[in-house]
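Novice: Need coordinates for the below:
(chains A, B, C and D)
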There are 4 protein chains.
Amino acid sequence: MPQLPADLPELLEQVRADVAGRVGAGKVADYIPALASVPGDRFGMAVATVDGRLHGVGDWRERFSIQSISKVFGLALTLGLDGDLLWQRVGREPSGGPFNSLVQLEHEKGVPRNPFINAGALVVTDRLLSVTGDATGAVLELLRGETGEPGLGVDSLVAESEAAHGDLNAALGYFISAHGNMDNPVRSVLAHYFRQCAISMSCGELAWAALFLARHGSLHDGRRLLSEVQAKRVNAVMLTCGAYDAAGEFAYRVGLPGKSGVGGGILAVVPRLCTVCVWSPGLDEQGNSIAGVAALERFADLTGSSVF
Amino acid sequence: MPQLPADLPELLEQVRADVAGRVGAGKVADYIPALASVPGDRFGMAVATVDGRLHGVGDWRERFSIQSISKVFGLALTLGLDGDLLWQRVGREPSGGPFNSLVQLEHEKGVPRNPFINAGALVVTDRLLSVTGDATGAVLELLRGETGEPGLGVDSLVAESEAAHGDLNAALGYFISAHGNMDNPVRSVLAHYFRQCAISMSCGELAWAALFLARHGSLHDGRRLLSEVQAKRVNAVMLTCGAYDAAGEFAYRVGLPGKSGVGGGILAVVPRLCTVCVWSPGLDEQGNSIAGVAALERFADLTGSSVF
Amino acid sequence: MPQLPADLPELLEQVRADVAGRVGAGKVADYIPALASVPGDRFGMAVATVDGRLHGVGDWRERFSIQSISKVFGLALTLGLDGDLLWQRVGREPSGGPFNSLVQLEHEKGVPRNPFINAGALVVTDRLLSVTGDATGAVLELLRGETGEPGLGVDSLVAESEAAHGDLNAALGYFISAHGNMDNPVRSVLAHYFRQCAISMSCGELAWAALFLARHGSLHDGRRLLSEVQAKRVNAVMLTCGAYDAAGEFAYRVGLPGKSGVGGGILAVVPRLCTVCVWSPGLDEQGNSIAGVAALERFADLTGSSVF
Amino acid sequence: MPQLPADLPELLEQVRADVAGRVGAGKVADYIPALASVPGDRFGMAVATVDGRLHGVGDWRERFSIQSISKVFGLALTLGLDGDLLWQRVGREPSGGPFNSLVQLEHEKGVPRNPFINAGALVVTDRLLSVTGDATGAVLELLRGETGEPGLGVDSLVAESEAAHGDLNAALGYFISAHGNMDNPVRSVLAHYFRQCAISMSCGELAWAALFLARHGSLHDGRRLLSEVQAKRVNAVMLTCGAYDAAGEFAYRVGLPGKSGVGGGILAVVPRLCTVCVWSPGLDEQGNSIAGVAALERFADLTGSSVF
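Specialist: Numbers count the residues shown, from 1 in each chain, chains lettered A, B, ... in the order given. Below is the predicted model:
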């Protein structure tokens, strides 16, 4: 049984030292100007524990664009508010392909492989929009509530930039709609999708906000967002589908449920114990933070916290 | 060398009699209400000859929605006005797949396989829009000029219906745009694409309007729209790519350059001799008119006009 | 932290009762006569614990064709004997497609997605053959050693039947060879592959034989087959890739590393605690035992042993 | 109506002069040593007319490995001897992909797209083997009969080399067999396939041997191998599928039914008029002779013999 060391700050310092050589490696996401301008040499890491500790190292208080990490919160909210009906509209299988691919979507008639590829997240957003009337607002409310940071919000510059360069996601949305798997207007769903991706948070805030997954569904105030089974299953989907088409590699090296974003962040869950969030903008070819994956691998090794 | 019989009306009557059993077979296009309401028992056929004759049989004077047949005129105009630069943005190979597939487009990074699949026609429309400022207007002007029918126009009901059910084409358009192969706003290109597809013409008008392809590029008044080489090449693309993913079958059975539309029309060219247009709304699984293909096959057999 | 109940036999009886309605559901594998003749109403389940207990229920002592479960032992042996070089020749990503698909193999130039699809297992077998000179013999030696059953062996009737109906695997083998990823003659590799699949074992024997995965690499006599990190990683690959193209579903419902076979067996690992093997021949469309998956899901729920 | 000039030798000289700059361009096929050793600077061209003339230029009397050009003769023979049943086992559509691809074959359950991709030619060979008992012998008999060259034969060195490097074709064969579309043992079919590809002929011999296609099915002695309709249809398949995944390009530029081989030969048919064979070993990326395509394009332009 894995246990966290008493001296978490020291552990984090060690991880940071061990992966220092990887910081700056890879390529900062450049498909929108707002992301391209982020300095590649940043590195932050934070751990939040189910017994209430929060520690960080490096740039762990600096906010960054959470991008696809938002998909975890959107999925959890939708399942929590609306139950398992969602799974009739989106699958739970690893895609075996890039996160923005249309090929599989065509073979499978508009039912995305899983909720963490872009197509799947669009379907989740569509459902959350139907259920709440304001998908972005609902996600922000969850994040603000769990972190106690009412100032958390969308970086409008990033959101607009996403929209301006969003043709590929638009193609996905219209394709899904063409197959009858979209209830709201594609434009509205896209707008909410882009805004959720453009939320800015720090490693500390993300780790804190996601603790309900380590607590198997319970929010900070004891209310349940998800049942225990649902929470385990969100973790399962994170492990099998959370790192784009490198999910197998991530499971192999890190062995934890995780979700990465092209902003350079990765959120990981150690069930029953803690959450870990790491951020470093240099990405590998699959869009995962190079220093981030290395840090999580090192963390899992040092703490024995791989689920395997 | 094939020759047309002196008694074309008799020939057409024979073809009609021979394929009468096929009229009504298949399924009328039903993806938009405006097309679904067309009676399935219609059959019309017309031949226009380079020496100036025009004969028809059955419902050859009844207008129908020309749909993808419009792609021939859009392509010819664009090549005629703008030359061969178009081929840097769209290929000339049979697609080996359905006309609205996204798969190939993804493999080939937004460069459509050929100008007769929907994706390719969107690129052609985009270019024609850039060159003329009004792609639909330019096509209509060509059609009106060649037929001498100033009343030819777009069926607005069909065009709006196409737009309302156009998510799949929108997906194609945004995907192409995402790959940098679209100069105008996707919405504008789509609007022009839908309007061109919604042009109403009769068999007689289509056969007459397309004679420039049998004349290797010369319009009715002797002006050249295409060079001889260009015209031959449009015919070649029609033969290899004109019948969706049944182009090989069409070449095998009919042996003529042809272009079909889901409105049930098929336009065929006998180089140096004539054009033939047939219309019957019942479609096979590939979207080609069942009685239409049978009629063209019979016509080619009776006249020996297969190019092979 | 999951714990096994003191009364394991009672637990197993409960699981059996809870899934009794699923036994007989689905379709017994019928691609070879030797498998098609297995009665569909069989159900057996066994648990082997790291502290040395072994309990079973139903037909847990009846031997069946382990089929793809053999891939786990082949992989573990190859990694144990030869180290991580194998990963240069086979990936670790879920395939997102059927276990015998050639499509992905073509896209990825003969490097199979993971060691648990047939193509990947052929590469593993090829390497094991190079390393040991007798791949089947090496696997049998491991199985006999861990179970203490010297009589374990290959069902020759099944092996011959596999070979006689093995054209698809032959196609995979020659394709891999065409891409230079096969060192031994394709025929030899195929023969060993078919023989490994045709090994007969019972649930009890399989659970017992696989305990080294729950013990993170240590064999029954304390020797190490795999390092701790390697063993965790084999578990990770089982979780992400072990249930064909239903691996995500398996992770979602069961939450344990597992490997299924078309003989109806499924082997699962609860790290640090136990192994579970279930057998019931009725398969779902993805080739996984219907009652088997249900039993493992129930087991994981009752014991809280999901890794998530 | 195209006509051949009286002075064919002069025409051929002009074509040769016009494409001289292309000879040597591209890459000689190097997948087997026996082909890699052919000098890249060869160029030969021959025309055989339905009125009995045969003229050539350059290395038109030098024999080369006909490779995939053999597929034309195998197809014609099978259709001639066995009728149209073949089309239940192989399609007539352009593949839209490389000649040795397995992807499409998987999507279409072992029914090859057309008889000119390798998979399709294996099915044709299988059928010809069933019908004649000796597929290679039957093809050779046809070729010897039409050319009057009893010495025509298989280059055993090439055939053995093909077999030794034939894993990809073996994969295709076993895959087809796995789908029940192969009557003879895969090994036998492969052996005949490799031997047919390894037949050596000169441009003059090939043009002469193929004249029955320009004569719409009649052999040199007046016997019919194919009906007129069948012959036209073989020509149609050549046009739509004869140049691998550059068939559309070939139709666009040359406008004649043609079949290329990786030995650098291309055979083209001008219906009712003549056959043309050109040979130059330098290939483009699709496997078609660069100087060969250029020469045929020039020939078609000078003679106006494009079918379009």
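Novice: The closest residue to residue A:263 other than its chain neighbours and residue A:32: what is the separation?
Specialist: Among residues not flanking residue A:263 along the chain, residue A:65 sits closest, at 3.8 Å (Cβ to Cβ, 6 or more residues apart in numbering or on different chains). Every C-beta, even on glycine, is put in place using the N, C-alpha and C of the backbone. According to Cβ to Cβ, to the nearest Å, residue A:65 stands 9 Å off from residue A:32.
Novice: Same question for residue A:160.
Specialist: Distance from residue A:160 to residue A:32, by Cβ to Cβ: 9 Å.
Novice: now the angle from the helix or strand containing residue A:174 to helix B:167-178?
Specialist: Element membership for residue A:174 (DSSP states H and E) is helix A:167-178. Following axes from the mean of the first three to the mean of the last three Cα atoms, to 10 degrees, one obtains 170 degrees for the angle between helix A:167-178 and helix B:167-178.
Novice: ok, residue A:65 and residue A:32, which is more surrounded?
Specialist: Using other Cβ atoms under 10 Å in any protein chain shown as the criterion, residue A:65 and residue A:32 rank with residue A:65 on top: 31 against 21.
Novice: wait, what's in contact with that one?
Specialist: For residue A:65, the contact set (Cβ atoms under 8 Å, 6 or more residues apart in numbering or on different chains) comprises A:34-35, A:38, A:155, A:158, A:197-200, A:261, A:263.
Novice: Just the closest residue of the stretch 101-250 of chain A to chain D, please.
Specialist: Per Cβ to the nearest Cβ, residue A:107 is where the stretch 101-250 of chain A lies closest to chain D, at 9.3 Å.
Novice: So that residue versus residue B:101, what's the distance?
Specialist: Distance, residue A:107 to residue B:101, by Cβ to Cβ: 10 Å.
Novice: Residue A:287 now?
Specialist: Computed with Cβ to Cβ, the distance linking residue A:287 and residue B:101 is 26 Å.
Novice: related to what we said a few turns ago, which residues do residue A:65 and residue A:32 both contact?
Specialist: residue A:158.
Novice: so does stretch A:105-114 get close to chain C?
Specialist: Yes. Judged by Cβ under 8 Å from any Cβ of the partner chain, stretch A:105-114 comes into contact with chain C at A:113-114.
Novice: what is the mean pLDDT for that stretch?
Specialist: Across stretch A:105-114, the average pLDDT comes to 86.
Novice: Pull out the buried positions in it.
Specialist: With burial defined by 16 or more other Cβ atoms under 10 Å in any protein chain shown, the residues of stretch A:105-114 counted as buried are A:105-106, A:110-114.
Novice: Pull up the distance across it, start to finish.
Specialist: Stretch A:105-114 has an end-to-end distance of 11 Å (criterion: Cα to Cα, to the nearest Å).
Novice: residue boundaries of the helices in the stretch 151-300 of chain A?
Specialist: A:156-164, A:167-178, A:186-197, A:203-209, A:211-214, A:228-241, A:247-253, A:290-303 (DSSP state H, counting those that start in this stretch).
Novice: Quick check: which of those is nearest to residue C:307?
Specialist: Counting by Cβ to Cβ, residue C:307 lies closest to helix A:228-241 out of the helices of the stretch 151-300 of chain A; the figure is 8.4 Å.
Novice: tell me the angle that closest one makes with helix C:290-303.
Specialist: Going by the same axes, to 10 degrees, helix A:228-241 makes 120 degrees with helix C:290-303.
Novice: Just the closest residue of chain A to chain C, please.
Specialist: For chain A, Cβ to the nearest Cβ, closest residue to chain C: residue A:96, 2.5 Å.
Novice: Distance of that residue relative to chain D?
Specialist: Distance of residue A:96 to chain D, computed by Cβ to the nearest Cβ, to the nearest Å: 15 Å.
Novice: check contacts around that residue.
Specialist: A:104, A:245, C:93-97, C:104, C:113.
Novice: redo that, cut-off 6 Å
Specialist: C:94-96 (Cβ atoms under 6 Å, 6 or more residues apart in numbering or on different chains).
Novice: could you say which helix or strand contains it?
Specialist: With DSSP H and E as criterion, residue A:96 is part of no helix or strand.
Novice: Which pLDDT does the model give it?
Specialist: So, for residue A:96, pLDDT stands at 72.
Novice: Give the closest residue to it in space, chain neighbours not counted.
Specialist: residue C:96 (2.5 Å).
Novice: so residue A:258 sits right up against residue A:242, yeah?
Specialist: Yes. Using Cβ atoms under 6 Å, residue A:258 makes contact with residue A:242 at a distance of 4.9 Å.
Novice: neighbour-wise, which of these two wins?
Specialist: residue A:242 (30 against 27).
Novice: which parts of the stretch 101-250 of chain A sit against chain D?
Specialist: On the criterion Cβ under 6 Å from any Cβ of the partner chain, chain D has no neighbours in the stretch 101-250 of chain A.
Novice: Spit out the contact partners of the closest residue to residue A:194 other than its chain neighbours.
Specialist: Nearest residue to residue A:194 in three dimensions, chain neighbours excluded: residue A:162, at 4.0 Å (Cβ to Cβ, 6+ apart). Going by Cβ under 6 Å, 6+ apart, residue A:162 touches A:194, A:197-198.
Novice: can you put those in TSV and add distance to residue D:128 and neighbour count?
Specialist: TSV is the format used below for those (distance: Cβ to Cβ, whole Å; neighbours: other Cβ atoms under 10 Å in any protein chain shown):
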residue	distance to residue D:128	neighbour count
A:194	59	22
A:197	59	29
A:198	63	27
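Novice: Which of those sits closest to residue D:50?
Specialist: residue A:194 (66.2 Å).
Novice: What separation do you get for the closest one and residue B:168?
Specialist: Using Cβ to Cβ, residue A:194 is found at 22 Å from residue B:168.
Novice: same deal with residue A:11?
Specialist: Taken as Cβ to Cβ, the span from residue A:11 to residue B:168 is 52 Å.
Novice: likewise residue A:57?
Specialist: When residue A:57 is compared with residue B:168 (using Cβ to Cβ), they lie 49 Å apart.
Novice: Contact residues of the stretch 201-308 of chain A facing chain C?
Specialist: Counting by Cβ under 6 Å from any Cβ, the stretch 201-308 of chain A sits next to chain C at A:232-233, A:235-236, A:240, A:248-249, A:251-252, A:255, A:271, A:306-308.
Novice: Can you report how many residues neighbour residue A:33?
Specialist: 12.
Novice: can you give me phi and psi for it?
Specialist: Backbone torsions of residue A:33, given as degrees, to the nearest 10, read phi -60, psi -40.
Novice: ok, and the closest non-adjacent residue to it?
Specialist: residue A:161 (6.0 Å).
Novice: Over to residue A:305?
Specialist: residue A:2 (4.0 Å).
Novice: hang on, the earlier thing: between residue A:57 and residue B:168, who's got more neighbours?
Specialist: Looking at residue A:57 and residue B:168 with other Cβ under 10 Å, you find the greater number of neighbours at residue A:57, namely 23 against 20.
Novice: Let me see the contact set for that one.
Specialist: Counting by Cβ under 6 Å, 6+ apart, residue A:57 has contacts A:12-13, A:16, A:45.
Novice: cool, and residue A:243?
Specialist: A:250, A:260, A:288.
Novice: ditto for residue A:58
Specialist: Neighbouring residues of residue A:58 by Cβ under 6 Å, 6+ apart: A:16, A:43-44.
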